[in-house]
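Peer 1: Quick one: sequence and predicted model below, then my questions.
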2 protein chains.
Amino acid sequence: MTGVSRRALFGMAGAGVALAGAGVATGVGIDRLGEGSPAHAEPSTVDFHGEHQAGIVTPTQQNLHFAALDVTTKDVGKLRELLRTWTAAARRMTAGQEVVADGAVGGAAQAPPGDTGEALDLPPGDLTLTIGFGPSLFDQRFGLAAKRPPQLVDLPLFPKDKLDPARSGGDLCIQACANDPQVAVHAVRNLVRLGFGVTEVRWSQLGFGRSSSTSRAQQTPRNLFGFKDGTNNVKSEDTDVLREQVWAQSGDGQAWMAGGTYLVARRIRMHVETWDRETLDGQEQIVGRTKGTGAPLGQTGEFDQVDLDVGGAGGVPLIAPDAHVRLASHQTLNGARILRRGYNFVDGSDGVGHLEAGLFFLAFNRDTRKQYIPMQQALSAKDAMMEYVQHTGSAHFAVPPGLTPTSNWGDGLFT
Amino acid sequence: MTGVSRRALFGMAGAGVALAGAGVATGVGIDRLGEGSPAHAEPSTVDFHGEHQAGIVTPTQQNLHFAALDVTTKDVGKLRELLRTWTAAARRMTAGQEVVADGAVGGAAQAPPGDTGEALDLPPGDLTLTIGFGPSLFDQRFGLAAKRPPQLVDLPLFPKDKLDPARSGGDLCIQACANDPQVAVHAVRNLVRLGFGVTEVRWSQLGFGRSSSTSRAQQTPRNLFGFKDGTNNVKSEDTDVLREQVWAQSGDGQAWMAGGTYLVARRIRMHVETWDRETLDGQEQIVGRTKGTGAPLGQTGEFDQVDLDVGGAGGVPLIAPDAHVRLASHQTLNGARILRRGYNFVDGSDGVGHLEAGLFFLAFNRDTRKQYIPMQQALSAKDAMMEYVQHTGSAHFAVPPGLTPTSNWGDGLFT
């Protein structure tokens, strides 16, 4: 199907239906660019529907566009209607279709096009779209206070936080992940556009080089400190752990959230120039793993179990008391784990000669009060790595459960 | 070679030499990530050496990291030495090697690693590194005033420019293009690091979704207005046009620049939200092309020749007097053309509810005084598109000619 655009293709009857997958990348060839586009070599889609929203345990795609939005209307009916409109649009775009039928060029010449068009020739790129609701959505404006899940707390200020309000919070979030940044950007932009008059962008973040794996089929990527990141992440294959640590259960407080989860987003500036002046030994002590293989100190393979007690010369533990891997370990945290889905970022430079680089940390957990918060309290107070990082943005969202072909984002809020 | 890292691979003797190509992507398989990494399906390298620097007519890669740097030393010897160091490092990285031998993990444990490591497991990704020298490098500091090419003028302020000094200018620039953003980021970061004490980053820009093609083998990409962009671009196959319009010739003023070219960088904010409210017809009138196929108005195919006189009803030219394609046409500009190599960008949001999106415009020409400047004067004064864009950053660089395996960036400056 080389050269067939998504517009042309989806003009054919029923193609959207034929693409319905089973919650994982289907690998079906929908469209492909020609030469010089290795990123598009294996176009495929991820099913929008399922017990949980896609984009959480989905094998992490290469690129991220994350947007936090504020609701600007006071009319709850408009908000509800927008969530329905967004659902229909997301259902189409994740299947590789334009945001609406007859989108970029098929509509009336005297009307604004229904799709912005920059993804016309691009394959679906495993696009996933995931929505979340921030604590502020449950304030007095929309009568949703009684629907607020107890897990959706206002995050505390952690030691050493230096949060920028312009990079924090938000009534809603949209997480777009894809294997082409233009596909992710197109999706967010078109949802934002549909929200004109109802929502506006509060902040937005691009990311690349997925800084964790969510499937055992994926190689562990490296973060901008040069270390493999997320070796011990909860993976899509760990269904028991997911049930216990990631997915909200029906008895968890708000029935409408069953099958959902809670998303913590943290923009973590990494002072890479300072890190780069640290010795290899110093870096490995801080992380608690070797830089080459990613093996825990005292072990040989990346996936060898972390042994926090293994001793070196004189019996002193090889993994220092303030090593990142020790403080972030579920062995230290009463068994608490999180599912990470972060991305690296470089947002230009900081005006004083350095790259504005870091990790856009995204984590999903069943109860942020019992998982992310105690973990981050330990890390921000003691982690040797804190000398090299600074949390500059923060947000928390309730991520509702997955959808059927006839349900909508927000159904749980309004029923 | 699945799973073989660049570090492990290049520990093997002579691998770097075996990779030397012929100025184009070689397609040799060096390394590849496993599943879930379609971007790395066809790893390949671009030869660093040649008559011209790579990264100009090289088929445009998917991702960009561009950095402008200021020289912070007054010691011209240190600058010269840095340019040599950078050359050696660029020679290695573009071949898929670490920035220095025994880089990220092979060196002494008590020394900072020689390579920052985040590209350890990644294939070379067709990385190109291209250097340029800004007008300010030729001021009184380094005794280089007599070497300044007459073409390297200070760009004038164009009508409607709204330039941010923090996104403009620079003594030096490094353009890194690759098919993986992490590879491009890694390369710039490591060169910046080598420049510690000699240079610092003035500004830096990431880009994606190449917004032009530089080879007839590439499909024309779309910009964030949703239109195919760069259809009439000068292509690598147009050797006569390149000689006339892009490559500095020996009689052009400064002999050391023969085989080089001049780079204009412009950060163009695109007010996509406003654009998206324009009708399809209005958008096509502004551009002068149809949105779907990219055909010039009045023609049927993307690559049909633009006919500025073809009339519609009543004989009025279909391509309006203020259409972008008319004003940017070499037919209007006394034959002047440029080679474009821009990228789309989204730098978060603008703080008032919109995406900070646009086009990072990169153009190469033989004489900016006769090509880019008159073109931009016409566009900024008359182009209907100016209502939707704003130039927020600007820089100009002399891009020296290509290298041999024993020459260095900056040789022409100091001999």
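Peer 2: Thanks, I have the structure now.
Peer 1: residue contacts, the closest residue to chain B within the stretch 201-350 of chain A?
Peer 2: Nearest to chain B in the stretch 201-350 of chain A, going by C-beta to the nearest C-beta, is A:Gly226, at a distance of 2.5 Å. Every C-beta, even on glycine, is put in place using the N, C-alpha and C of the backbone. By C-beta atoms under 8 Å, 6 or more residues apart in numbering or on different chains, the contact set of A:Gly226 is A:Gln283, A:Lys291, B:Ala104, B:Pro113, B:Asp115, B:Thr116, B:Gly117, B:Glu118, B:Leu120.
Peer 1: how about a cut-off of 10 Å?
Peer 2: A:272, A:275-276, A:280, A:283, A:287, A:291-292, B:103-105, B:113, B:115-120, B:186 (C-beta atoms under 10 Å, 6 or more residues apart in numbering or on different chains).
Peer 1: May I have the lengthiest helix in chain A as CSV, with CA atoms only?
Peer 2: When chain A is parsed with DSSP state H, its longest helix is helix A:76-94. C-alpha atoms of helix A:76-94 as CSV (Å, rounded to 0.1, in the frame of the first residue of the first chain):
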residue,chain,number,x,y,z
VAL,A,76,-20.6,21.2,32.8
GLY,A,77,-22.7,20.2,29.8
LYS,A,78,-20.1,21.6,27.4
LEU,A,79,-17.4,19.7,29.3
ARG,A,80,-19.4,16.5,29.0
GLU,A,81,-20.0,17.0,25.4
LEU,A,82,-16.3,17.7,24.7
LEU,A,83,-15.3,14.5,26.4
ARG,A,84,-17.7,12.6,24.0
THR,A,85,-16.3,14.5,21.0
TRP,A,86,-12.8,13.8,22.1
THR,A,87,-13.6,10.1,22.5
ALA,A,88,-14.9,9.8,19.0
ALA,A,89,-11.8,11.7,17.7
ALA,A,90,-9.4,9.6,19.6
ARG,A,91,-11.1,6.4,18.4
ARG,A,92,-10.5,7.5,14.9
MET,A,93,-7.0,8.9,15.2
THR,A,94,-5.7,5.8,17.1
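Peer 1: in that helix, what counts as buried?
Peer 2: A:78-80, A:82-83, A:85-87, A:89-94 (16 or more other C-beta atoms under 10 Å in any protein chain shown).
Peer 1: In a markdown table, list the residues you listed along with pLDDT and distance to B:Ser215.
Peer 2: What follows is the buried residues of helix A:76-94, written out as a markdown table (pLDDT from 0 to 100; distance: C-beta to C-beta, whole Å):
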| residue | pLDDT | distance to B:Ser215 |
| --- | --- | --- |
| A:Lys78 | 98 | 48 |
| A:Leu79 | 98 | 48 |
| A:Arg80 | 98 | 49 |
| A:Leu82 | 98 | 43 |
| A:Leu83 | 98 | 44 |
| A:Thr85 | 98 | 40 |
| A:Trp86 | 98 | 39 |
| A:Thr87 | 98 | 41 |
| A:Ala89 | 98 | 35 |
| A:Ala90 | 98 | 35 |
| A:Arg91 | 98 | 37 |
| A:Arg92 | 98 | 33 |
| A:Met93 | 98 | 30 |
| A:Thr94 | 98 | 32 |
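Peer 1: which regions of chain A sit below the pLDDT cut-off?
Peer 2: A:1-43 (pLDDT under 70).
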